[in-house]
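Sequence below, structure please.
(one chain, ligands or ions: 1)
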Amino acid sequence: MNYYGESVTRLIEQLSRLPGIGGKSAQRLAFHIINMSKDEARALAESIVSAKTEVKYCSVCCNLTDSDPCTICSSSKRRRDIIMVVENPRDMAAYEKTKGYDGLYHILHGAIAVTRGIGPEDLKIRELISRLDDSVKEVIIATNPTVEGDVTAVYLSKLLKPLGVKVTRIANGVPVGSDLEYVDEVTLSRALEGRAEM
Ligand code: ZN
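Here you go, the predicted structure:
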């Protein structure tokens, strides 16, 4: 299947490994890239390499960041007495877009999923516990409104409440089974405002 020469075939192969990209899409993307200017193609390639080599986890909130601590953790404009726990960086970005939250975040990088062998020790829970000192008054659990997100929320609540911190869960305004990043900003803001103590 080497119709286009080795280098183009290799590009198509690499692109087709990406999630949601089938063989046809990979071909289309490969030809789009070949038609780019050399500078554009180089910028694309370099952005992939630098995203992979420069990015690290924030040592405070575990968000993806180039600088440690990340811009949110190091901002003087954020409240430090409230931490919102989300499953992944995309959820954090969704809440940031609402502009209705000025506290800090903690990124778990997943949710407890027993059927897939993902337990609490696979998530950034130890890192969350280590952040809880007297200055933190509330932890908002904003895991996704799915079975896995709910299991994680209950687990965290049982773990955190004995430590003397107020634990809340975002309201059920979010459609069940949906991923937070696809929920519109108004719904997210309402879910946050309507949070209730667990
Ligand atoms: Zn951070």
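
Just give me how far the worst-scoring helix or strand of the chain on mean pLDDT sits from the chain centre.
In the chain, no helix or strand scores lower on mean pLDDT, DSSP states H and E than helix 185-193, which sits at a mean of 80. The chain centre lies 18 Å from the centre of helix 185-193; the measure is C-alpha atoms, centre = their mean, to the nearest Å.

let's number from 27 now, not from 1
Renumbered: residue one is now 27, and that last one reads helix 211-219.

buried set for that helix?
By 16 or more other C-beta atoms under 10 Å, the buried positions in helix 211-219 come out as 213-215, 217-218. From N, CA and C alone the C-beta is placed, and that goes for glycine too.

can you redo these as a markdown table with distance to the ion?
Converted to a markdown table, those look like this (distance: C-beta to the ion, whole Å):
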| residue | distance to the ion |
| --- | --- |
| 213 | 25 |
| 214 | 20 |
| 215 | 22 |
| 217 | 22 |
| 218 | 19 |
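
which of those residues lies closest to residue 35?
For these, the residue nearest residue 35 by C-beta to C-beta is residue 214; the value is 43.6 Å.

State the pLDDT value of residue 142.
Note for residue 142: predicted pLDDT of 88.

Let me know the closest of the buried residues of helix 211-219 to residue 78.
Distances from residue 78 to the buried residues of helix 211-219, taken by C-beta to C-beta, are shortest for residue 214, at 29.7 Å.

Might one say that that closest one is in contact with residue 121?
Yes: proximity of residue 214 to residue 121 meets the contact threshold set by C-beta atoms under 8 Å, at 6.3 Å.

about what we covered before: format the buried residues of helix 211-219 as a markdown table; extra columns: distance to residue 37.
Shown next, in a markdown table, are the buried residues of helix 211-219 (distance: C-beta to C-beta, whole Å):
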| residue | distance to residue 37 |
| --- | --- |
| 213 | 40 |
| 214 | 38 |
| 215 | 42 |
| 217 | 42 |
| 218 | 43 |
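
and which of the residues you listed is nearest residue 163?
Nearest to residue 163 out of the buried residues of helix 211-219 is residue 218 (C-beta to C-beta; 16.0 Å).

Now do the same contact list for the closest one.
The contact partners of residue 218, by C-beta atoms under 8 Å, 6 or more residues apart in numbering, come to 121, 124, 126-127, 166, 168, 196-197.
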